[in-house]
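S.K.: what's the 3D shape of this:
(one chain, ligands or ions: 1)
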Amino acid sequence: MNDSHAVVVGGGIGGLSAALALHRHGWRVTVLERAAELREVGAGLSLMANAVRALDALGLGPALRDGGHGEAPGGIRDRHGRWLSRVDAADMVRQLGTTALGVHRATLHRTLREALPASSVHTDATVEHVEPGPDRAEVRYRGTDGGHTLAADLVVGADGLRSRVRAQLWPRHPDPVYAGSTTWRAAIAFPDPVPAAITWGPGAEFGMVPIGAGQLYWYAAVNTPPGGHAPDELAAVRERFGDWHDPIPALLTATPPEVVLRHDIYHLAEPLPSYVRGRVALLGDAAHPMTPNLGQGAGQAIEDAVVLGAVCAGGAADVPGALAAYDAQRRPRSQSVARASFTAGRFGQQLRNPVALALRDIALRLTPGRATLRGMARYADWSPPAG
Ligand code: FAD
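M.R.: Numbering: from 1, shown residues only. I've put the predicted structure just below:
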């Protein structure tokens, strides 16, 4: 253990990954999470090859391969079930060196938490203010027993989409904006074999991802104004997707209504000019909230964490230099993934003009699987820094 101390604001996938990356490089870490209990809401996740490699770098690849479901994404279908584009699993492994992984969010979150010293995580701890330095950073937070202040060599703002750390340190930067779609998600018991695949209809998408142990994660998205809620969200999904191809109706029948989650999609339309202020680094959704169309949000958070750990491997001696390297390595990549994800949504899930839809579907059918794979590899082909 070097004598360096990092405070991580937020105990989501990004915050726990950052804490673990720093812990593995000898840092003492304190994670402050405002929720009373450390847990991950949501259903499943697709972890693309880059995210799987980042988890390997954190030493968690084997556990998550065991706890999840390794599979190449099967491809894209139309609402009648006709394949528009297929990805060959063997080609994918050849190109990227690993398959993607479907995993329950709770499994990933628990695996990260269990790899950290239990004493490093504090729940019921809401961060109210961060002082970025220059010589020492400070974090003020409120616990159940009142206010506290912690000094730190490094502070990681991993407090998600509505990041207080981002708002405090970049006060004039525009907030995340609604991306035009709402999503429903559920993790269910569904032991029948199902390919990981996406289905597109006009202004709508349905995805399914096996996540291991006889479980499957499905998600559905439609174009709609923000803020909507249905008295029965499962019924709302059935109304839109109940007559789509098999096994979508069977998946909806196998879904208990109470496990369905609904969230509007927000993203940071204007990228941040920096992820770093003094001794504070933003990470994950706090730095680059993106639409889920490329299944990369959590993957980018885990990559951020691995790079942050690597640049801080020397301890607290040169935190400003380390954070400059973090910003240089992470900002261009994560912001280009965020842009690509938004564009993928525009031409995929959100497209509704019948002529544009027909042209897109023809173009997809005519594109060889290998070319589709090359497109995917642009974002999934990432390796952790050496050392
Ligand atoms: P969060 O998970 O939001 O965690 C932030 C944490 O900070 C929370 O625990 C919160 O309670 C805490 N916090 C907030 N404020 C404070 C405070 N002031 N003090 C203390 N704690 C605080 N990504 C993928 O890689 N693959 C996918 O398939 C995928 N699918 C998705 C589907 C949907 C519908 C959505 C919406 C997102 C999807 N994502 C996916 C993106 C992924 O979920 C996020 O990018 C990822 O969870 C972000 O993690 P995070 O830790 O940065 O933020």
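S.K.: C-alpha only now, for contacts and for neighbours.
M.R.: Will do.
S.K.: From Gly102, how far out is the closest residue to Arg185 other than its chain neighbours?
M.R.: Leaving aside its chain neighbours, Arg185 sits nearest to Tyr219 (4.3 Å; criterion: C-alpha to C-alpha, 6 or more residues apart in numbering). Distance, Tyr219 to Gly102, by C-alpha to C-alpha, to the nearest Å: 13 Å.
S.K.: ok, the two, which is more surrounded?
M.R.: The neighbour comparison of Tyr219 against Gly102 (other C-alpha atoms under 10 Å) goes to Gly102, with 29 against 22.
S.K.: thought the more buried one was touching Asp66?
M.R.: No: look at Gly102 against Asp66 with C-alpha atoms under 8 Å: they stay out of range, at 10.9 Å.
S.K.: Around the ligand, pick out the residues from the chain.
M.R.: Within the chain, the positions near the ligand by C-alpha under 6 Å from any ligand atom are 9-15, 32-35, 45-47, 125-128, 158-161, 163-164, 183, 265, 284-286, 292, 295-299, 301.
S.K.: Could you turn the buried ones of those into a ChimeraX selection?
M.R.: Command for ChimeraX that selects the buried part of the residues of the chain next to the ligand, burial taken from 16 or more other C-alpha atoms under 10 Å:
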select :9,10,11,12,13,14,15,32,33,34,45,46,47,125,126,127,158,159,160,161,163,164,183,265,284,285,286,292,296,297,298,299,301
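S.K.: Find the helix or strand that the residue nearest the centre of the chain is a member of.
M.R.: The C-alpha lying nearest the average C-alpha coordinate of the chain belongs to Ala298 (C-alpha atoms, centre = their mean; 2.0 Å). Element membership of Ala298, judged by DSSP states H and E, is helix 297-311.
S.K.: who touches that helix?
M.R.: Helix 297-311 has contacts (C-alpha atoms under 8 Å, 6 or more residues apart in numbering) with 13-15, 17-19, 21-22, 24-25, 47-48, 50-52, 54-55, 57-58, 283-285, 289-291, 322-323, 325-326, 329-330, 334, 384-385, 387.
S.K.: again, only this time at 7 Å
M.R.: 13-14, 17-18, 21-22, 25, 47, 50-51, 54, 283-284, 290, 322, 325-326, 330, 334, 384-385 (C-alpha atoms under 7 Å, 6 or more residues apart in numbering).
S.K.: got it, and stretch 36-56?
M.R.: With contacts defined as C-alpha under 7 Å, 6+ apart, stretch 36-56 is touched by 11-12, 61, 96, 98-106, 109, 123-124, 185-187, 211, 217, 261, 295, 299, 302-303, 306, 380-384.
S.K.: Would you mind measuring from the residue lying closest to Leu357 once chain neighbours are set aside to Arg360?
M.R.: Nearest residue to Leu357, sequence neighbours excluded (C-alpha to C-alpha, 6+ apart): Leu351, at 6.6 Å. As judged by C-alpha to C-alpha, Leu351 and Arg360 stand 9 Å apart.
S.K.: Looking at the two, which is more packed in?
M.R.: Leu351 (20 against 16).
S.K.: check contacts around the more buried one.
M.R.: 202-203, 357.
S.K.: with those residues in mind, which one is nearest to Gly278?
M.R.: Closest approach between the contacts of Leu351 and Gly278, by C-alpha to C-alpha: Gly203, at 43.1 Å.
S.K.: Name the helix or strand of the protein that has the lowest mean pLDDT.
M.R.: Using mean pLDDT, DSSP states H and E, the weakest-scoring helix or strand in the chain turns out to be helix 369-380, at a mean of 78.
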